[in-house]
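A.B. asks: Pasted the sequence and its predicted model underneath.
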Amino acid sequence: MLTKIMKKAPGPPALGRWSGRRARQIKLTLLVLPFVCLVLLFHYVPLLGWVYAFVDYAPGLALSQMNFAGLKYFEYLFSGISDFPIVIRNTLMLSLLKIASMAAPVLLAILISQVRSARYGKFIQTASSIPNFISWVLIYAIFFIFFSSEGGMLNRALAFFGGGETVNLLGNEDIAWGMQTAISIWKQAGWDAIIYMAAIAGIDQALYDAAAVDGAGELRKVMHVTIPGILPTFFVLFLMAVANILSNGFEQYYVFQNPMVIDRLEVFDTYIYRMGIINSQYSYATAMGMFKSIISIALLTAANTVSKKVRGESIF
Amino acid sequence: MIRNKTGAVSRGIIYVFLFLLAVVWIYPLYFVVINSFSAAEEVTKGVYFFPPGVTLENFAYVFQTPLILTGIWVSVARTVVGTVLNLLFCGFIGYMVTVKDLPMRKWIYRMIVATMYFTSGLIPWYVLMVRLELKNNFLLYVLPGAVSAFYVVLIKTYVESLPPSLEESAALDGAGTLTVFFKIILPVCKPVLACVAVFGAVWQWNAWSDNMFLVTDANLQTLQYLLYRMMQSSSMSEAITGKVRIEPMAVRLTMTCITVMPILLVYPFMQRFFVKGIMLGSVKG
């Protein structure tokens, strides 16, 4: 079959070449059209919904029947009487902690690169990257099983060894930010390390040999060859993390929220859900989402400009 | 000589340290699995290293619950249908934007790639889904994500790396666009389609927030979201499993085990596809 198709046909027919081409263009356009419509429908049409931020939205009404609200909802957002200050504090703190913890996968990748046995290295990589492919619900379930105050394994073990007090790591507001950072390192560091491993694999072996000739030990090879070698990868991931500073994810913080820690774990994405869908304050939640989207796009553009200046190459 | 010795010692320390880290990653998953296979009274005492005996009684109990069986069925269905749609739709459009005769193909590609970098936010999306009657509709799980920019980028980059003579000769032979796509492009794209399939399947299996936002129908609940609700309260696990005959923790452990099992079984063998996918994705076309 394939050989028959691959055999070259004798030249294109000269007659009607243009009309044939036009017909082919129309046919191709028609074939692509449904998929283009799908993308427009699910990604571009929702942008029109930003108009809800400027009216008093009520479900079931036509847009023309809703009251024009002007900038009312944006004014409320920044008025200081809204929850905005708390939400932005939590969002920024958790994002900054996440950026600070970007050192963990770099360290892990360097340690794995020191492993000489290929099988052991592979084992460590697989073990460390599995949690990245598990849903946040499952991560929550696992941490709940271990750390819950009602029958969690940690408390059973403490009770067994005679500890009187119940420890509640998931319901303690003072350590909530630290716990969430630790949990996201547990979930993501292994997979990020694999990305750095690929960068390390791309480093020219001759650089290591040259360093060895100069009398460099393992530590100095890491400092002077490995780290400069993975810096570009780190830089890209760092810029992406900065661009995503306001959208640090709905799922993680939503599943770990409870009345004890909500003041520390309410971030933009969870707050928009609670205000918009649970409390039906559609317009206010849309205004907040719009604010978040615009800042994110601005940050992304800025990150890209920085990347072009520093590396002479854009991130995307 | 001395340097070699210190080198060996520090390497030894690294090996041990990495092993301890691996335990931190693996042990919680191991713990869930061994407890699910232990008798309920053993679970109450806590099984930490080796199960004292293997029993399926927790699973038998959980599988008697209609809601959980429905959940497994819904999760499997969305994973299979969603992944197949990803492969067909992203494969087709990823190929089409490389076809020279397609008008405005560069703009179509850019329009798709741009969706990776902006979002309208939850509320406008939610309102649109309601308007499109996707609330309490299985299509909500599979249709909005069917054309995904990341997969289109992967496939388009791969198709462009193929020798152009492959499809040109077929086209000259009179083969139509769809014939070329199904008979030539899809078969030679197997390596990149494997990447898309593993990413798509894992994403679908793990998804639950769309379920929480828009699906209240008891017959359309995903396994992930049922697990979340069971974790939320013991009364909820009673509501889901009927009267509690065994300890809630044993039920929760078993549900967790069932939900995590597909990933544990598949990931070690599929890891190379994930790595390849992320590497292909970082080389942008």
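C.D. replies: Received the coordinates, thanks. Numbers count the residues shown, from 1 in each chain, chains lettered A, B, ... in the order given.

A.B. asks: what about residue 126, how many residues close to it?
C.D. replies: Defaulting to chain A. Neighbour count of A:Thr126, defined by other CB atoms under 10 Å in any protein chain shown: 18. For glycine as for every other residue, the C-beta is placed from the backbone atoms N, C-alpha and C.

A.B. asks: I was thinking of chain B, sorry if that wasn't clear
C.D. replies: 24.

A.B. asks: ditto for B:Tyr267
C.D. replies: B:Tyr267 has 18 nearby residues by other CB under 10 Å.

A.B. asks: Disregarding residues adjacent in the polypeptide, which is nearest to the residue in the stretch 201-316 of chain A that chain B sits nearest to?
C.D. replies: Nearest residue of the stretch 201-316 of chain A to chain B: A:Gly289, at 2.7 Å (CB to the nearest CB). Spatially, and ignoring its direct neighbours in sequence, A:Gly289 is nearest to B:Gly121 (2.7 Å; CB to CB, 6 or more residues apart in numbering or on different chains).

A.B. asks: who touches whatever residue of the stretch 1-150 of chain A ends up closest to chain B in this structure?
C.D. replies: Of all residues in the stretch 1-150 of chain A, A:Gly49 sits closest to chain B, at 2.4 Å by CB to the nearest CB. Going by CB atoms under 8 Å, 6 or more residues apart in numbering or on different chains, A:Gly49 touches A:Thr286, B:Ser120, B:Gly121, B:Ile123, B:Pro124, B:Trp125, B:Val127, B:Leu128.

A.B. asks: For A:Leu33, state which of those residues is nearest.
C.D. replies: B:Leu128 (20.1 Å; CB to CB).

A.B. asks: Not counting its neighbours along the chain, what's nearest the closest one?
C.D. replies: Leaving aside its chain neighbours, B:Leu128 sits nearest to A:Pro46 (5.1 Å; criterion: CB to CB, 6+ apart).

A.B. asks: gap between that neighbour and A:Met275?
C.D. replies: Using CB to CB, to the nearest Å, one obtains 18 Å as the distance from A:Pro46 to A:Met275.

A.B. asks: out of the two, which sits in the busier spot?
C.D. replies: Between A:Pro46 and A:Met275, counted using other CB under 10 Å, A:Met275 has the larger neighbour count: 24 against 21.

A.B. asks: ok so, going back, export whichever helix or strand the residue nearest to B:Leu128 is part of to PDB, keeping only CA atoms.
C.D. replies: Using DSSP states H and E, A:Pro46 sits within helix A:45-48. Provided in PDB are the C-alpha atoms of helix A:45-48 (Å, rounded to 0.1, in the frame of the first residue of the first chain):
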ATOM      1  CA  VAL A  45     -15.700  33.300  23.400                       C
ATOM      2  CA  PRO A  46     -15.300  33.300  27.300                       C
ATOM      3  CA  LEU A  47     -13.300  36.500  27.000                       C
ATOM      4  CA  LEU A  48     -16.500  38.200  26.100                       C
END
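
A.B. asks: May I see the buried residues of that helix?
C.D. replies: Neighbour counts over helix A:45-48 (16 or more other CB atoms under 10 Å in any protein chain shown) mark A:Val45, A:Pro46, A:Leu47 as buried.
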